[in-house]
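Trainee: attaching a predicted model along with its sequence, questions to come.
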Amino acid sequence: MNIAIVGTGYVGLVSGTCFAEMGVHVTCVDVNKEKILKLQSGEIPIYEPGLDDMVQRNVVAKRLNFTTDLSSCIDDVEIVFSAVGTPPDEDGSADLKYVLEVARTFGRYIKKYTVLVTKSTVPVGTAKKVKAAIQEELKKRNANIEFDVASNPEFLKEGAALKDFMSPDRVVIGVETDRAKELMNKLYKPFVLNNYRILFMDIPSAEMTKYAANSMLATRISFMNDIANLCELVGADVDMVRRGIGSDARIGTKFLYPGCGYGGSCFPKDVKALIHTGKEYGYDMRVIEAVEEVNERQKSIVFEKLSKAFDGNLKGRTIALWGLTFKPETDDMREAPALVVIDKLIKAGAKVNVYDPVAMNECRRRIGEVVMYSKDMYEAVIDADALVLVTEWKQFRIPSWKVVKKAMRGNIVVDGRNIYDENELSEEGLSYDRIGK
């Protein structure tokens, strides 16, 4: 099969590369000429474990190509995926200008039956707007060309995206016709041979499924953070509580780990968009509104613990931060709790030393030189009054506490992800604080 994918961001590049790995001939399209030139030369714009090798392998095999012009390949493809960004507007709604521009370009250039599949996360009703934009362009051309639109939301976890795509637990596809269904089934069948779970449904349901899924996961996180904060007040241990409720098969253990808040490109944006969709239809998404409120508050939790440890005066203190990204195995700092912590510390007059295995350049791009960038995790703690773990990268999980204690000026450690053993730190004379105990 021949397909095109418009947008070489996280979703587009991962999807295109994985389709190529399965033998599909893929052309990735992006209007950013600099990005395409870099991709053509083998430079990958995002960090995702294993992606570099897979891209290079499929470029060499000539199954993966990059261009800035959709019209140059549209005659040869059966399916065009739209994987462009849908950034949130100020009111929380998803900005569809890039999605609709892809639809208009599609309508201007198709010459035969082709399916346009929206892979971007879009609000319910977007497919109707996409279809109308295509029909408008065909009308301008006086062209009577058959086409279909479809919805195929992605469920990729950053840091494990290749595995998620190559071995999905489900593929959700919204279609309107049997013709589109047969074509999408042909494309995806190789991915689910061992666990055949392609879930075909109507397009509005497919569009809603993505928002509902991410909002449910965000809800579990905010719920546990609320429970953790209450545990501290009543003298309970949130780890014990988590194990107790997670052992109930109806609840399970996933996404029940308390911490300093969720971030990333999906949860914050999708929660806001779902709230906005509700308001558009005159319905208040009260549970989801509370999820967002709890999360925004939770991003300040480690700062509040530091402030309490220093009696409300952080001026002149040196604070070391381990981890900048919103989760491990990515360089993504969008909506990352670390950004909130850094901002509050700087405003409080503290000096901040940071270290992250992959996101130092991304941090510089975002906030400049307001923090000190360390060459490794141990340099970050030199003369620090306190250490804060923000992102649970593997290399942070078993540090040498002897080295940490010797390098630090103070002895306070705040664990924003609850991964350390209090007894180990106490043995080295470190004062340990975590979330939910």
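Mentor: That came in fine, so what should we check first?

Trainee: contacts and neighbour counts: CA atoms only from here.
Mentor: Noted.

Trainee: okay, buried residues for stretch 203-221 please.
Mentor: Counting neighbours by 16 or more other C-alpha atoms under 10 Å, one finds that the buried residues in stretch 203-221 are 203-212, 214-216, 218-221.

Trainee: now that stretch: average pLDDT?
Mentor: Averaged across stretch 203-221, pLDDT comes to 96.

Trainee: what does stretch 32-39 give?
Mentor: So the average pLDDT for stretch 32-39 ends up being 93.

Trainee: what segments of the stretch 51-200 of the chain are helices?
Mentor: 51-60, 97-109, 126-140, 161-166, 178-188 (DSSP state H, counting those that start in this stretch).

Trainee: so which of the ones you listed gets nearest residue 323?
Mentor: Each of those has some distance to residue 323 by C-alpha to C-alpha; the shortest is helix 161-166, at 20.3 Å.

Trainee: biggest helix in this protein by residues?
Mentor: When the chain is scanned for its longest helix (criterion: DSSP state H), the result is helix 203-234.

Trainee: helix or strand right after that helix?
Mentor: Downstream of helix 203-234, the next assigned helix or strand under DSSP states H and E is helix 238-246.

Trainee: so after that next one, what's the next helix or strand?
Mentor: helix 267-280.

Trainee: okay, buried residues for the next helix or strand after that next one please.
Mentor: Once the chain leaves helix 267-280, the next helix or strand it forms, by DSSP H and E, is helix 286-298. Across helix 286-298, burial judged by 16+ other C-alpha under 10 Å covers 288, 289, 291, 292, 294, 295, 296, 298.

Trainee: and the last one, how close does it get to residue 229?
Mentor: According to C-alpha to C-alpha, to the nearest Å, residue 298 stands 9 Å off from residue 229.

Trainee: starting at the chain centroid, how far to stretch 288-305?
Mentor: Computed by C-alpha atoms, centre = their mean, to the nearest Å, the chain-centroid distance of stretch 288-305 equals 18 Å.

Trainee: hmm, who's touching it?
Mentor: Residues outside stretch 288-305 that contact it (C-alpha atoms under 8 Å, 6 or more residues apart in numbering): 215, 218-219, 222-223, 225-226, 259-262, 268, 271-272, 274-275, 337, 340-341, 344-345, 388, 414-416, 433.

Trainee: could you give the mean pLDDT of it?
Mentor: pLDDT averaged over stretch 288-305 gives 97.

Trainee: what sits against residue 268?
Mentor: 262, 292, 335.

Trainee: am I right that residue 2 is in contact with residue 24?
Mentor: Yes: Residue 2 is in contact with residue 24 according to C-alpha atoms under 8 Å; the separation is 6.1 Å.

Trainee: so residue 316 versus residue 310, what's the distance?
Mentor: From residue 316 across to residue 310, the span is 11 Å (C-alpha to C-alpha).

Trainee: got it, and residue 163?
Mentor: 44 Å.

Trainee: and residue 66, which of the helices of the stretch 51-200 of the chain is closest to it?
Mentor: Smallest distance to residue 66 across the helices of the stretch 51-200 of the chain (C-alpha to C-alpha): 9.1 Å, for helix 51-60.

Trainee: contacts only, for residue 72.
Mentor: Counting by C-alpha under 8 Å, 6+ apart, residue 72 has no contacts.

Trainee: oh, and call the first residue 782 from now on, that's how I've got it
Mentor: Got it, the first residue is 782 from now on, which makes the last one we talked about residue 853.

Trainee: which regions of this protein sit below the pLDDT cut-off?
Mentor: By pLDDT under 70, the weakly predicted segments of the chain are 871, 975-977.

Trainee: taking the chain centroid, which residue in it is the extreme one?
Mentor: The C-alpha centroid of the chain is most remote from residue 923, which lies 41.4 Å away (C-alpha atoms, centre = their mean).

Trainee: chain center to the longest helix of the chain: distance?
Mentor: Chain-centre distance of helix 984-1015: 15 Å, with C-alpha atoms, centre = their mean.

Trainee: hang on, residue 1005 packs against residue 1039?
Mentor: Yes: counting by C-alpha under 8 Å, residue 1005 touches residue 1039, with 5.4 Å between them.
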